[in-house]
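>>> got a predicted model here, sequence first, then my questions.
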There are 2 protein chains.
Amino acid sequence: MARAAATKGQTRIQREKTEQILEAALEVFASYGFRGSTIDQIATQSGLSKPNILYYFDGKEAIHAVLLGRLLDTWLEPLQSLSDSSTPIDEICAYVHRKLEMARDFPRESRLFANEILQGAPRLLNELQGPLKALTDEKAALIQNWVDAGKISAIDPHHLLFSIWSTTQHYADFDVQVRAVLGSCEGDCFQTAQAHLDHMFRALLKP
Amino acid sequence: MARAAATKGQTRIQREKTEQILEAALEVFASYGFRGSTIDQIATQSGLSKPNILYYFDGKEAIHAVLLGRLLDTWLEPLQSLSDSSTPIDEICAYVHRKLEMARDFPRESRLFANEILQGAPRLLNELQGPLKALTDEKAALIQNWVDAGKISAIDPHHLLFSIWSTTQHYADFDVQVRAVLGSCEGDCFQTAQAHLDHMFRALLKP
DNA sequence: AAAGTTCTTGACCGATTGGTCAGGTTGCTT
DNA sequence: AAGCAACCTGACCAATCGGTCAAGAACTTT
């Protein structure tokens, strides 16, 4: 018997297939949200049969839960590593850079998250009000210290974070719109985006 | 026979009921996306029976299409009215202000749009590549003129627009996250957001 | 190579989905 | 108040949904 749960002591096949399923499910859930996705879609996407998927996971909800669980860890990591520094502006811009890289390299994860939030975050609200709020408050206090020390301009730390999150994730979540507006993007639009955001936040933060 | 299509020459009842249905459908589609929404949900939300809804609209897709059609008109209007001015920075900040007001006053429309883009904009791609791109290019050229005249700092006009769209709509689309992070927001969080965004874009644009 | 476990699937189930339809009810016109 | 069109609904349908199950196939262990 397989049935998810314990992530330890797995067969080779179990490891391969669960990963294969999660990979396909990420693709599907990121595109259609939880309610709009079907197990059959995940089956087709992964090349497995529907009963086979349900052999490894206890249901649609269980697959989604695993994806969301993994998500927050990696999603909050860049903010985790935002730490005190003698050059706060560089520190914040490095955070912006990391977030933009994640939007480029993990757009599906970004869209999975966006879909969940957009639909009221029914399966994520506790995480938002707990760990996310705690971490955000902690880093907001750090930024406030920089403000008080006159090292950066007088901005609202929480709204600064919102601006960073929204501008960077925009390139993943609204990627279709970005491409439509830019036309077939000359080279890598992420490079010009990087330059723009760097310029913007440096201008904003300069004391 | 009713059956949508012509918006002219309608009965009182037709006008009332179609509006009632669209109002409910906006609520539902904005929350669950197209695929995740059901006609039954719209029926419950509007207080009408399912067959009655299908008496006024040719199907789920038709309702969604009407909503999307209405959306783009009102959605692009603020950008439409961005025009040449002797004080470009004020002009752009007024645009930011209008966009933020729309995020506050029409969050469901914002989420409907976000859901559609997030899912690849299958029913909106033509509009994006046509009218939206045309309008965006036109206004980007206007902004570029301001840059060339040295009236604002040297920014990429398209990415400036992306930053405006993402930061303002964030307060509608990610409202759950915003509220979770801020805790029960002291007073109106849109006021502090307005101040923050005004500060940010003025700092960015100052020559 | 036999035995035991893990893995896989076609067939199936009840519930929900988008949508239809015949027939009844309501509202407007004269 | 009669007649007609507009409006509304319960019952129904085929397709799809999430999920089950018995039985067979493949892999491991001995």
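Thanks, I have the structure now. Residues are numbered from 1 along each chain as shown, chains lettered A, B, ... in the order given.
>>> max-length helix in chain A?
When chain A is scanned for its longest helix (criterion: DSSP state H), the result is helix A:12-36.
>>> and the angle for it with helix B:12-36?
Here helix A:12-36 runs at an angle of 170 degrees relative to helix B:12-36 (axes from the mean of the first three to the mean of the last three Cα atoms, to 10 degrees).
>>> list the buried residues of helix A:12-36.
For helix A:12-36, the buried set under the neighbour-count rule, 16 or more other Cβ atoms under 10 Å in any protein chain shown, comprises A:14, A:17-18, A:20-22, A:24-36. Heads up, the C-betas are built off the backbone N, CA and C, glycines and all.
>>> give the other helices and strands that that helix contacts.
helix A:39-46, helix A:50-56, helix A:60-80, helix A:107-118, helix B:12-36 (3 or more Cβ pairs under 8 Å, 6 or more residues apart in numbering or on different chains; DSSP states H and E).
>>> so what's residue A:192 up against?
B:156, B:159 (Cβ atoms under 8 Å, 6 or more residues apart in numbering or on different chains).
>>> my bad, residue A:72
If you count contacts by Cβ under 8 Å, 6+ apart, then residue A:72 has A:124, A:127, A:131, A:132 around it.
>>> gap between it and residue A:101?
18 Å (Cβ to Cβ, to the nearest Å).
>>> domain ranges for chain A, per the record?
Domain assignment for chain A by automatic domain parsing gives A:12-58, A:68-205.
>>> residues from chain A in reach of DNA strand D?
Within chain A, the positions adjacent to DNA strand D are A:12-13, A:37-41, A:50-51, A:54, A:58-61 by Cβ under 7 Å from any atom of the strand.
>>> please repeat the previous calculation with a cut-off of 10 Å.
Selection of chain A residues close to DNA strand D by Cβ under 10 Å from any atom of the strand yields A:11-13, A:28, A:32, A:34-44, A:49-55, A:57-64.
>>> which SSE is residue A:170 in?
Per DSSP states H and E, residue A:170 falls inside helix A:157-173.
>>> after that helix, next one along is what?
From helix A:157-173, the next helix or strand downstream (DSSP H and E) is helix A:175-182.
>>> is that following helix in proximity to chain B?
Yes: residues of helix A:175-182 are located near chain B by Cβ under 8 Å from any Cβ of the partner chain, namely A:176, A:177, A:178, A:180, A:181, A:182.
>>> which SSE is the residue nearest to the first one when sequence neighbours are not counted in?
The shortest distance from residue A:176 to any residue other than its chain neighbours is 4.8 Å, reached at residue B:121 (Cβ to Cβ, 6 or more residues apart in numbering or on different chains). Following DSSP H and E, one finds residue B:121 outside all helices and strands.
>>> which ones are touching residue A:206?
Contact analysis of residue A:206 by Cβ under 8 Å, 6+ apart lists A:89, A:152, A:153, B:203.
>>> residue A:156 now?
B:192, B:195, B:196.
>>> how far away is it from DNA strand C?
42 Å (Cβ to the nearest atom of the strand, to the nearest Å).
>>> that older thread, list only those of the contacts of residue A:72 flagged as buried.
A:124, A:127, A:132.
>>> circling back to that earlier point, so which of the residues of helix A:175-182 next to chain B wins on neighbours?
residue A:177 (25 neighbours; other Cβ atoms under 10 Å in any protein chain shown).
>>> pretty sure it is touching residue B:118, no?
No: using Cβ atoms under 8 Å, residue A:177 makes no contact with residue B:118, being 9.9 Å away.
>>> quick check: closest non-adjacent residue to residue A:128.
residue B:180 (3.8 Å).
>>> can I assume that neighbour is in contact with residue A:131?
No: look at residue B:180 against residue A:131 with Cβ under 8 Å: they stay out of range, at 10.6 Å.
>>> tell me how far residue A:147 lies from DNA strand D.
Residue A:147 is 48 Å from DNA strand D, by Cβ to the nearest atom of the strand.
>>> contacting residues around that residue?
Residue A:147 touches A:153, A:154, A:155, A:157, counting by Cβ under 8 Å, 6+ apart.
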